[in-house]
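below are the sequence and a predicted model; questions follow.
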Amino acid sequence: MASRRSSGDGGDGDESPAMRRLRRLSLHLLNPSSSPSDQEPEALALAACAAGPRRVQGGAEVSASLAAYLRGRHRETQARVFEFFQGRPDLQTPVEMSTAAHRDLCFRQLRALVRDAGVRPLSLMADDPSEYFAVMEAAGGVDISLGVKFGVQYSLWGGSIINLGTKKHRDKFFDGIDNLDIPGCFAMTELHHGSNVQALQTTATFDPVTDEFIINTPNDGAIKWWIGNAAVHGKYATVFARLILPLQGKAGTPADMGIHAFIVPIRDLETHAVLPGIEINDCGHKIGLNGVDNGALRFRSVRIPRDNLLNRFGDVSRDGKYTSSLPTINKRFAATLGELVGGRVGIAYSSVGILKVAVTIATRYALLRQQFGPPKQPEISVLDYQSHQHKLMPMLASSYAFHFATIYLVDKYSEMKKTNDEDVIADVHVLSSGLKAYITSYTAKSISICRESCGGHGYAAVNRFGALRNDHDIFQTFEGDNTVLLQQVAGDLLKQYQEKFKGGTLSVTWNYLRDSMSTYLSQPNPVTARWEGEDHLRDPNFQLDAFRYRTFRLLHSVAARLQKHSKTLGGFGAWNRCLNHLLTLAESHIESVILAKFIEAVKSCPDEKTRQVLKLVCDLYALDRIWKDIGTYRNVDYVAPNKAKAIHKLTDYLSYQVRLVARELVDAFDLPDLIIRAPIGLQSEAYAQYTQHVGF
Ligand SMILES: Cc1cc2nc3c(=O)[nH]c(=O)nc-3n(C[C@H](O)[C@H](O)[C@H](O)COP(=O)(O)OP(=O)(O)OC[C@H]3O[C@@H](n4cnc5c(N)ncnc54)[C@H](O)[C@@H]3O)c2cc1C
């Protein structure tokens with residue numbers, strides 16, 4: 001039987017006290033010579049924990065070394081943002097406030113960040129996107145509405161100028177956007193169309209007589225809807241509209257050149273009055289994010305100069321002729337939307353920040369909260385219940401996994417901006433879609449679990465789960481609906497799969513499909529399908545192989561199903577018939593990317609003790625995911641019944657082990673009280689802070 005030590009454990013020699021204690025506790029629970037299945041760890045766990053919440057000896061050092069490893073290059077920048085808001089109580093968001101007051105506060109927060117703290121977000125975005133995303137995440141920690149307002153102003157409005165415009169646009173608008181003199185909007189969505197951007201109906205018709213475009217809302221369905229910054233603060237909007245060129249179509253008819261972006265002034269720069277021909281209404285109180293002023297815009301033949309076309313991918317000359325370096329409408333559309341991935345990267349990154357806050361509050365409270373216990377003995381922490389560990393520890397492990405995956409995404413995005421390499425562009429497009437969809441869905445579900453795991457006190461608004469849940473919820477929808485984004489991932493995988501059979505190359509993240517195609521095409525090995533030793537189950541090669549095998553099987557089978565159904569249903573019908581299968585494929589692929597990045601991060605960790613803790617967390621992430629999908633593995637005989645049982649037992653055991661360092665793991669996120677705020681989630685005096693809050 002395999003040893004119960006985690007891999008890389010070199011014995012007592014140079015172990016820290018924390019690691020020694022962790023290992024000894026594990027040994028108490030399970031004898032090295034026995035498998036998890038012949039033990040009753042729960043009873044022992046209760047006895048070990050009955051003394052109440054404890055900190056692992058040397059825990060502070062564990063946290064510090066983990067924090068040092070997690071800390072990104074821009075942690076100092078984030079700390080400066082936190083310190084700035086710490087020193088400005090007038091800019092801190094109270095628990096209760098009206099929509100109007102929240103919008104006003106949110107704008108003041110953003111203005112102060114830019115003008116008083118001296119942050120220049122657009123410059124950061126242009127010079128070092130990873131620092132830009134770090135500031136955005138920090139702003140979202142102060143108030144999620146602030147993070148989103150920041151994203152509207154800089155990722156969307158500013159991003160459209162930088163990425164879709166040319167020098168003349170940057171020269172004119174860059175500084176005003178950067179210093180917030182020109183708050184602006186990104187007006188893509190319409191009442192009748194959100195996800196299907198190609199079906200937008202707003203028109204921009206060129207008038208060769210006056211050398212202008214005429215922006216028009218042809219019907220109520222084309223009213224721009226949900227536009228951030230539009231209801232109150234915006235001065236300009238980047239409006240997505242169909243470019244119409246009179247007389248350029250067949251037989252002198254107007255030509256529809258597809259969706260293009262136009263800069264449209266919406267309010268007077270001096271008086272802030274809404275400009276003629278434009279009608280703006282307020283989308284009203286929302287179920288969250290009420291610091292952001294979303295509005296609806298109607299255009300009645302509003303004239304703008306020809307120069308206001310953001311013309312990086314297509315231009316109109318003085319005499320009304322269209323030019324583009326890209327040959328088709330579809331290619332131009334893809335290039336235009338492709339430039340907007342930065343918003344998606346920011347959402348994925350910020351969603352991890354929100355997950356960390358929720359997990360930190362729930363974990364700290366679960367350590368503090370004591371209920372029941374063995375007869376005549378002190379009560380135990382609720383985190384010592386197996387059920388509670390099962391709820392929270394895989395979630396804590398996922399926060400770590402997502403942390404490393406989004407750092408990778410941000411690095412890839414920065415590389416893409418620097419190199420403009422086509423392979424990296426394609427990779428970032430799919431990776432950002434997949435990670436945004438996967439992480440935001442996971443975070444949305446997890447916040448509710450965190451609330452429930454804090455019992456009644458989780459329901460107090462001051463303890464934050466309501467605001468976190470409601471503010472974050474829409475992350476699943478904006479910047480691309482998650483279900484739609486996952487289909488893009490699946491579509492790309494299928495494209496790569498076809499390329500593979502045509503002998504082409506695969507983009508970087510997908511390399512595993514090519515490298516191991518023969519392995520994945522063969523039947524699972526009936527011998528390894530029965531291996532159940534801990535060393536084997538905790539071997540990253542087994543874990544990654546399991547994730548990739550599942551992805552490949554899903555890919556292989558969906559490709560065959562699509563081919564079969566397309567003969568009778570056509571392409572669209574076949575896709576719809578296989579849609580759930582395709583979504584599972586996309587999620588499976590993204591999970592394998594996340595695991596691969598986590599495994600790399602564990603391997604690259606220079607400090608051995610920190611690496612051991614991370615390895616434990618990574619093992620829990622991997623095995624919990626395999627267990628959650630055990631039906632799939634059993635169906636294809638990748639895992640025999642005895643192995644499935646061993647995976648289940650080991651997952652429970654690892655949850656228990658992670659629980660022993662749970663405090664250290666959440667402390668390592670290094671989130672100041674200003675960001676946590678929930679009294680029950682503070683590092684010290686939680687109950688006292690809570691009673692004070694209600695007036696005792
Ligand atoms: C608070 C907030 C802020 C926003 N800010 C902005 C902004 O600043 N600028 C802007 O332009 N827009 C903004 N939006 C709009 C947002 O981007 C859209 O809501 C989003 O793109 C989804 O579009 P939709 O609402 O039309 O949903 P739909 O596309 O109508 O989706 C409705 C449902 O249908 C499903 N569905 C749709 N298509 C498919 C498909 N092909 N396959 C399977 N299922 C499908 C979706 O999964 C979803 O469950 C904002 C929205 C909100 C709520």
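The structure has been received and is ready for your questions.

now do the same contact list for Trp627.
Trp627 sits next to Ala644, Ile647, His648, Thr651 when contact means Cβ atoms under 8 Å, 6 or more residues apart in numbering. For the C-beta atoms, the positions are set from N, CA and C on the backbone; glycine is no exception.

give the contact list for the closest residue to Gln371 other than its chain neighbours.
Once flanking residues are discounted, Gln371 sits nearest to Val382: 5.6 Å by Cβ to Cβ, 6 or more residues apart in numbering. Going by Cβ under 8 Å, 6+ apart, Val382 touches Ala366, Arg369, Gln370, Gln371, His388, Ser453.

check which element follows the helix or strand containing the first one along the chain.
This points to Ala366. In this structure, Ala366 sits in helix 341-368 according to DSSP states H and E. Next along the chain after helix 341-368, taking DSSP H and E as the criterion, comes strand 370-371.

tell me how far the next helix or strand after that following strand is from the chain's mean position?
Downstream of strand 370-371, the first helix or strand assigned by DSSP H and E is strand 380-381. Here the centre of strand 380-381 is set off from its chain's centre by 33 Å, with Cα atoms, centre = their mean, to the nearest Å.

how about stretch 223-238?
Remark: stretch 223-238 is offset 24 Å from the chain centroid, using Cα atoms, centre = their mean.

which residues does the closest residue to the ligand within the stretch 401-550 of the chain contact?
Scanning the stretch 401-550 of the chain for the residue nearest the ligand gives Thr483, at 3.5 Å (criterion: Cβ to the nearest ligand atom). Residues in contact with Thr483, defined by Cβ under 8 Å, 6+ apart, are Ala437, Leu583.

quick one: it is in a strand?
No - checked against DSSP: H, G, I helix; E, B strand; the rest coil, Thr483 lies outside a strand; its state is helix.

measure it to Thr336 for me?
Distance, Thr483 to Thr336, by Cβ to Cβ, to the nearest Å: 22 Å.

buried residues, the helix or strand encompassing Val602. List them.
With secondary structure defined by DSSP H and E, Val602 is part of helix 579-604. Within helix 579-604, the residues that qualify as buried by neighbour count (16 or more other Cβ atoms under 10 Å) are 582-599, 601-602.

repeat for stretch 379-399
For stretch 379-399, a neighbour-count test (16+ other Cβ under 10 Å) marks 380-385, 388-389, 391-399 as buried.

and after the helix or strand hosting Asp171, which helix or strand comes next?
In this structure, Asp171 sits in helix 167-178 according to DSSP H and E. Using DSSP H and E, the next helix or strand after helix 167-178 towards the C-terminus is strand 184-187.

which strands and helices sit next to the helix or strand just after that following strand?
Remark: after strand 184-187, the chain's next helix or strand is strand 203-207, criterion DSSP H and E. Packing partners of strand 203-207 (3 or more Cβ pairs under 8 Å, 6 or more residues apart in numbering; DSSP states H and E): strand 212-216, strand 236-245.

direction included, what does the longest one pair up with?
Same thing as strand 236-245. Within its sheet, strand 236-245 is paired with strand 184-187 (parallel), strand 203-207 (parallel), strand 255-265 (antiparallel), according to DSSP bridges.

so the last one versus strand 212-216, what angle?
Right, strand 255-265. Orientation of strand 255-265 against strand 212-216 (axes from the mean of the first three to the mean of the last three Cα atoms, to 10 degrees) gives an angle of 90 degrees.

what comes up buried for strand 255-265?
Within strand 255-265, the residues that count as buried by 16+ other Cβ under 10 Å are Ala255, Met257, Gly258, Ile259, His260, Ala261, Phe262, Ile263, Val264, Pro265.

can you list the residues of the protein near the ligand?
152, 186-189, 194-195, 226-228, 286, 289, 294, 474, 477-478, 481, 483-484 (Cβ under 6 Å from any ligand atom).

again, 8 Å this time
Listed as neighbours of the ligand in the chain under the rule Cβ under 8 Å from any ligand atom: 148, 152, 156, 185-189, 193-196, 224-230, 240, 283, 286, 288-289, 292, 294, 474, 477-484, 487, 576, 579.

can you flag the buried ones in those?
148, 152, 156, 185-189, 193-194, 224-230, 240, 283, 288-289, 292, 294, 474, 478-480, 482, 487.

ok, Phe133 - how many residues close by?
28 (other Cβ atoms under 10 Å).

check it and give its pLDDT.
On the pLDDT scale, Phe133 is placed at 96.

contacts for the helix holding Asp171?
Contacting residues not belonging to helix 167-178 are listed as 114, 120-123, 153-154, 157-158, 161-162, 165, 181-182, 184, 236, 263, 307, 310 [Cβ under 8 Å, 6+ apart].

then stretch 574-584?
Contact with stretch 574-584 is made by 483, 486-487, 490, 554, 557-558, 561-562, 564-566, 569, as judged by Cβ under 8 Å, 6+ apart.

any chance you could give me that stretch in CSV, C-alpha atoms only?
The C-alpha trace of stretch 574-584 is given here as CSV (Å, rounded to 0.1, in the frame of the first residue of the first chain):
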residue,chain,number,x,y,z
ALA,A,574,-27.3,19.2,-35.4
TRP,A,575,-25.5,21.7,-33.2
ASN,A,576,-28.6,22.3,-31.2
ARG,A,577,-29.2,18.5,-30.9
CYS,A,578,-25.7,18.2,-29.4
LEU,A,579,-25.7,21.4,-27.4
ASN,A,580,-25.5,20.0,-23.9
HIS,A,581,-22.8,17.7,-25.0
LEU,A,582,-20.9,20.6,-26.5
LEU,A,583,-21.2,22.7,-23.3
THR,A,584,-19.9,19.7,-21.3
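
how about Gln543: what's its closest non-neighbour residue?
In space, and not counting its chain neighbours, Gln543 is closest to Ala622: 3.8 Å by Cβ to Cβ, 6+ apart.

pLDDT score assigned to the one you found?
Predicted confidence (pLDDT) for Ala622: 98.

buried sites along the helix or strand hosting it?
Following DSSP H and E, one finds Ala622 within helix 608-628. Neighbour counts using 16+ other Cβ under 10 Å place 609-627 of helix 608-628 among the buried residues.

what angle separates it from helix 579-604?
Using the same axes, to 10 degrees, helix 608-628 lies at 160 degrees relative to helix 579-604.

after helix 608-628 comes which helix or strand?
Counting by DSSP H and E, the next helix or strand C-terminal to helix 608-628 is helix 630-635.

please compute how far the following helix or strand past that next one lies from its chain's middle.
Downstream of helix 630-635, the next assigned helix or strand under DSSP H and E is helix 641-660. When C-alpha coordinates are averaged (Cα atoms, centre = their mean), helix 641-660 and its chain have centres 27 Å apart.

repeat that for stretch 614-629.
Centre to centre, stretch against its chain (Cα atoms, centre = their mean), the figure for stretch 614-629 is 19 Å.

any idea whether Phe475 is helix, strand or coil?
Using three-state DSSP, the structure places Phe475 in helix.

my read: it touches Ile347, true?
Yes - with contact defined as Cβ atoms under 8 Å, Phe475 reaches Ile347; the gap is 5.5 Å.

find the residues that touch each one of those two.
Taking Cβ under 8 Å, 6+ apart as the criterion, Phe475 and Ile347 both touch Thr440.

which one of these two is surrounded by more residues?
A count of neighbours by other Cβ under 10 Å puts Ile347 above the other of Phe475 and Ile347, at 28 against 25.

so what's the nearest residue to the more buried one once chain neighbours are set aside up against?
Leaving out its chain neighbours, the residue that sits closest to Ile347 by Cβ to Cβ, 6+ apart is Glu479, at 4.9 Å. Taking Cβ under 8 Å, 6+ apart, we find Glu479 in contact with Gly343, Arg344, Gly346, Ile347, Lys436.
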